[in-house]
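Visitor: Attaching a predicted model along with its sequence, questions to come.
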Amino acid sequence: MSRKIMELTRKVVVLLAVLGGTAANSNPPMPTEKFPLGAIFEQGTDEIQSAFKFAMLNHNLNVSSRRFELQAYVDVINTADAFKLSRLICNQFSRGVFAMLGAVSPDSFDTLHSYSNTFQMPFVTPWFPEKVLQPSSGALDFAISMRPDYYQAIIDTVRYYGWDRIIYMYDSHDGLLRLQQIYQGLRPGNETFHVETVKRIANVSDAIEFLRTIEELNRWSRKHIVLDCSTELAKDIVVSHVRDITLGKRTYHYLLSGLVMDDRWESEVIEYGAINITGFRIVDTSKKYVKEFLDSWKRLDPATSQGAGKELISAQAALMYDAVFVLVEAFSKIVRKKPDQFRAYTSRSRGQQAFSLPANGTRTMDCNMSKGWVTPWEHGDKISRYLRKVEISGLTGDIRFNEDGKRQNYTLHVVEMTVNSAMVKVAEWSDEAGLTPVMAKYTRLKTDMNYERNKTYIVTTIIEEPYIMLRQPEPGETLEGNDRFEGYCKDLADLVAKKLGINYELRIVKDGQYGAENPDVKGGWDGMVGELVRKEADIAIASMTITSERERVIDFSKPFMSLGISIMIKRPVKQKPGVFSFLNPLSKEIWICVLFSFVGVSVVLYIVSRFSPFEWRLVNYNDKGKPFGLLAGEQPDAVPQATVNEFSILNSFWFALGAFMQQGCDISPRSISGRIVGSVWWFFTLILISSYTANLAAFLTVERMVTPINSPEDLAAQTEVQYGTLIHGSTWDFFRKSQITLYSRMWEYMNSRKHVFVKTYDEGIRRVRTSKGKYALLIESPKNDYTNEREPCDTMKENWVAGGRNDGWKERL
């Protein structure tokens, strides 16, 4: 049946043009029964409405095979107010419609669904919310959704790519319900991936801010994002992501979970080819009757059929188109089985309206329940049951339903857009077979070169080593034009111009500035950015940082250099060994502890020697008072004697000093307590002197440099060394707008001392060299590295890099 319908679509465009006049003047066949349908659409569904009208027209023009005509009563709403919607639905019922179709918001759908089940009115819609409550009594649900469930396709696709974790972003309650289905579809404890983060977004800004937060936490990890939102929002997010310089590109892979890939993703939008995107399509454009339909759809006039006239049709519009023919097939089955089933409800008179009350007094539906009961649609139950028996082929593939009114035996096409590659089919997914990979034929996107070869492009730049420098002429040489310059950016410009086959002229920016917002200047910007805005130059090439503020007014190329902010300081003077350099291996605190230990050990040794009897000995004195030994045969009592202790306070100090110097002395403790004290002191001095000796040679031979600043914390914590940056530059702007406490405090310090800012980097470098270590310059790291390697090599960079940015080629928007 569908093939016959599609054969007629070639004639639709011509028939649309002459439908009003020619049809009226021709001799039509005998009038057939007209089945009235009610249609309710939300505002903003122009393409879906056009698909509905196109399907009605295609059926009614098929005079050779149709058994009846369709008559539609269309209402377009812009409110979810239940009372207003109820009156509109009752108005549709009062017209005697056989079934309802429509595309409404989830809030409006609840009301429409309730009336459909209450009055047994069949309701066919392209989609409704993922989780729809079934009638509590277990009775037949009179609402049927043309959109199949595809949460399992999302799960299988994630497994196919081997992702171990995903980030889920959604914009509606429908997306949250789909996430719930994904959770329910995962087997607990036996899954290869998990949902790492969930975020609801309202617009593009919410999505980009969330992605920036993820980027700051882990920049280099791969991020797999399941994005559940409308087609337009998905496109805007992808474009904004690619244009945002703070977000990576190759580390991201989007899986668009909605049926948004059926829309046209323009190949000329280069952002679509700059990031990995995967999604699902339900319309198989390779089938013959789909191609025939799209050919007719493309020829429709968008002025009269809004949303039509395009090469492709969205999934929602295709589902609505199929919904009409699902109803047609159900009515046809009923009429074939019982031709006079609806005859009492249709008009036989050619002069009557398309639908009128039957002459036999059959009642129409009435929403007024003041009598205490509901009068349902007489044939609603039969129509709903026949809808579930429909089996046709439509734009969205084979259409059939199960007993619950859900699509079955359907196929989704998994498509992919990789970097610099057009959209290509990589797999098929069906509810019966799951995901089946197919051989993908990748096609590289063609780049559109929009430039004039015969034009001389004005390129503005700024003098800064090593990017752009004035070339010194050889003796007898005269430099003209671009030959006056040299440097990295000059070489890059030559290579690009040669590759593109264009001519360019380098010009130095007039005010010597990179570019900052300045309301006092024409165009609101000064520097190179201002010249681009005022169209005084076509291109700017320099070491200009890519910032979001500048991106609002000019367009940047891919960055040719990544950089950050670093600290340039004066290289400290090398320190040579001094008279007391031998003290350097140990700190002052240790030397003080050693001194106290020396005194303490000496005093303790003196005390224990006083109390120990083994440290005392008997000494004989001669008549001169000098001690001597006893002669043979002499009696001790006959000689003067005295007791002596050799560890006086002075001798105790001498013993400890001798042990510390590793030299020893003539006396040694004889008591156990004294020997314990001496042994402990010997062991301590052995370890201390060994460590000291090992480090002394290094401290005496290696020249040391003392660096006063090692980090931004050191800068912010002191006031002796002043610091600043290039005024109105990207580094200046970074500190001015920073919300980080440390950087904000540094900005307050610099802003309160205006003299720390410099007008050019050369001025700042000279200030660092002449300030004797009292000034530090915050400068881009490549420039810092370059300066440090140039004569006189008296500057150095601290290993701190913040605010990672990029340099790029700039063009006027």
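Guide: Cool, the structure landed.

Visitor: Which of the helices or strands spans Tyr160?
Guide: helix 151-161 (DSSP states H and E).

Visitor: same thing with Phe41?
Guide: strand 33-42.

Visitor: Following the chain past that strand, name the next helix or strand.
Guide: helix 46-61.

Visitor: Could you tell me the angle between that next one and strand 33-42?
Guide: Relative orientation of helix 46-61 versus strand 33-42 (axes from the mean of the first three to the mean of the last three C-alpha atoms, to 10 degrees): 180 degrees.

Visitor: start the count at 34, not 1, going forward
Guide: Yep, numbering from 34; the last one is helix 79-94 now.

Visitor: Now stretch 226-237: buried residues?
Guide: Buried positions in stretch 226-237, judged by neighbour count with 16 or more other C-beta atoms under 10 Å: Phe226, Val228, Lys232, Arg233, Ile234, Val237. C-beta: built from backbone N, CA, C; applies to glycine.

Visitor: Would you indicate which residues of stretch 707-715 are buried?
Guide: Those would be Gly707, Val710, Gly711, Trp714, for stretch 707-715 by 16+ other C-beta under 10 Å.

Visitor: Kindly apply the preceding question to stretch 798-805 instead.
Guide: Ile798, Arg800, Val801, Arg802.

Visitor: Pull the residues that contact the helix or strand containing the second one.
Guide: In other words, Arg800. Secondary structure from DSSP H and E places Arg800 in helix 794-803. Contacts to helix 794-803, defined as C-beta atoms under 8 Å, 6 or more residues apart in numbering, come from residues 497, 601-603, 757-759, 791, 808-810, 812, 816, 820, 825, 827-828.

Visitor: can you do 6 Å?
Guide: Met601, Lys603, Val791, Tyr808, Leu810, Thr820, Asp827, Thr828 (C-beta atoms under 6 Å, 6 or more residues apart in numbering).

Visitor: go on, stretch 331-350?
Guide: Identification of contacts with stretch 331-350 by C-beta under 6 Å, 6+ apart yields 46, 79-81, 83-84, 159, 292, 295-297, 315, 330.

Visitor: One more pass at 8 Å, please.
Guide: 45-46, 49, 78-84, 86-87, 136, 159-160, 180, 264, 292-293, 295-297, 314-316, 318, 326-327, 330, 354, 428-429.

Visitor: same deal with stretch 630-649?
Guide: With C-beta under 8 Å, 6+ apart, stretch 630-649 has contacts from 676-682, 685-686, 688-690, 693, 702-707, 710-711, 713-714, 717.

Visitor: Of these, which count as buried by neighbour count?
Guide: 679-680, 685-686, 688-689, 693, 702, 704, 706-707, 710-711, 714, 717.

Visitor: Which members of those residues occur in helices, if any?
Guide: Ser685, Phe686, Phe688, Ala689, Phe693, Ser706, Gly707, Val710, Gly711, Trp714, Phe717 (DSSP state H).

Visitor: Most widely separated two among those?
Guide: Phe693 and Ser706 (20.2 Å; C-beta to C-beta).

Visitor: avg pLDDT for the strand holding Phe74?
Guide: Average pLDDT, strand 66-75: 89.

Visitor: quick one: strands adjacent to it?
Guide: Sheet pairing of strand 66-75 (DSSP bridges) gives strand 101-110 (parallel), strand 132-136 (parallel).

Visitor: Adding distance to Lys117, write those out as TSV.
Guide: Shown next, in TSV, are those (distance: least, C-beta to C-beta, whole Å):
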stretch	distance to Lys117
strand 101-110	8
strand 132-136	15
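
Visitor: May I see these organised as a markdown table, with mean neighbour count added?
Guide: Formatted as a markdown table, those follow (neighbours: other C-beta atoms under 10 Å):
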| stretch | mean neighbour count |
| --- | --- |
| strand 101-110 | 17 |
| strand 132-136 | 27 |
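
Visitor: want to throw the ones you listed into CSV with mean pLDDT and distance to Asp269?
Guide: Output for the strands paired with strand 66-75, formatted as CSV (pLDDT from 0 to 100; distance: least, C-beta to C-beta, whole Å):
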stretch, mean pLDDT, distance to Asp269
strand 101-110, 90, 25
strand 132-136, 90, 22
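
Visitor: between those strands, which gets nearest to Pro506?
Guide: strand 132-136 (74.0 Å).

Visitor: so how far is the next helix-or-strand element following the closest one from its chain's centroid?
Guide: The helix or strand immediately downstream of strand 132-136 is helix 139-151, counting by DSSP H and E. Taking the mean of its C-alpha atoms, helix 139-151 sits 38 Å from the chain's own mean (C-alpha atoms, centre = their mean, to the nearest Å).

Visitor: what's the helix or strand following helix 139-151 packed up against?
Guide: Heading C-terminal from helix 139-151, the first helix or strand you meet, by DSSP H and E, is strand 156-158. Packing contacts for strand 156-158, counted by 3 or more C-beta pairs under 8 Å, 6 or more residues apart in numbering; DSSP states H and E, involve strand 132-136, helix 139-151, strand 176-178, helix 348-370.

Visitor: avg pLDDT for the longest one?
Guide: Spelled out, it's helix 348-370. On average, helix 348-370 scores 92.

Visitor: helix or strand right after that helix?
Guide: Counting by DSSP H and E, what follows helix 348-370 is helix 413-420.

Visitor: what pairs with the following helix or strand past that next one, and is each one parallel or antiparallel?
Guide: Where DSSP H and E defines the elements, the next helix or strand beyond helix 413-420 is strand 424-427. Here strand 424-427 has these sheet partners by DSSP bridges: strand 430-433 (antiparallel).

Visitor: What residues of the partner strand count as buried?
Guide: Gly430, Ile432.

Visitor: Just the CA atoms of whichever helix or strand comes after that strand, as CSV, please.
Guide: Sequence order places strand 444-450 as the next helix or strand after strand 430-433, per DSSP H and E. In CSV, the C-alpha atoms belonging to strand 444-450 read as follows (Å, rounded to 0.1, in the frame of the first residue of the first chain):
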residue,chain,number,x,y,z
THR,A,444,15.6,-0.7,12.9
LEU,A,445,17.7,2.3,13.8
HIS,A,446,20.8,3.3,11.9
VAL,A,447,23.9,4.3,13.9
VAL,A,448,25.7,7.1,12.1
GLU,A,449,28.9,8.8,13.0
MET,A,450,30.7,12.1,12.1
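
Visitor: in its sheet, what does the following helix or strand past strand 444-450 sit against?
Guide: Next along the chain after strand 444-450, taking DSSP H and E as the criterion, comes strand 457-463. Strand 457-463 pairs in its sheet with strand 444-450 (antiparallel), strand 467-470 (antiparallel), by DSSP bridges.

Visitor: neighbouring contacts of strand 457-463?
Guide: 183, 186, 189-190, 193, 311, 313, 442-450, 468-471, 473-476.

Visitor: What residues of that strand count as buried?
Guide: By 16+ other C-beta under 10 Å, the buried positions in strand 457-463 come out as Lys458, Val459, Ala460, Glu461, Trp462, Ser463.

Visitor: Between helix 184-194 and that strand, find me the angle.
Guide: Using the same axes, to 10 degrees: strand 457-463 against helix 184-194 is 130 degrees.

Visitor: quick one: average confidence on strand 457-463?
Guide: For strand 457-463, the per-residue pLDDT averages 90.

Visitor: same check, this time on stretch 651-662
Guide: Mean predicted lDDT for stretch 651-662 stands at 59.

Visitor: And for stretch 139-150?
Guide: 85.

Visitor: just stretch 503-510 next, same as before
Guide: Rounded mean pLDDT across stretch 503-510 is 87.

Visitor: for stretch 184-201, same thing?
Guide: 92.

Visitor: Now that stretch: buried residues?
Guide: Taking 16+ other C-beta under 10 Å as the criterion, stretch 184-201 shows Tyr184, Ala186, Ile187, Ile188, Asp189, Thr190, Val191, Tyr193, Trp196, Ile199, Ile200, Tyr201 as buried.

Visitor: With stretch 488-506 instead?
Guide: Tyr490, Ile491, Val492, Thr493, Thr494, Ile495, Ile496, Glu497, Glu498, Tyr500, Ile501, Met502.
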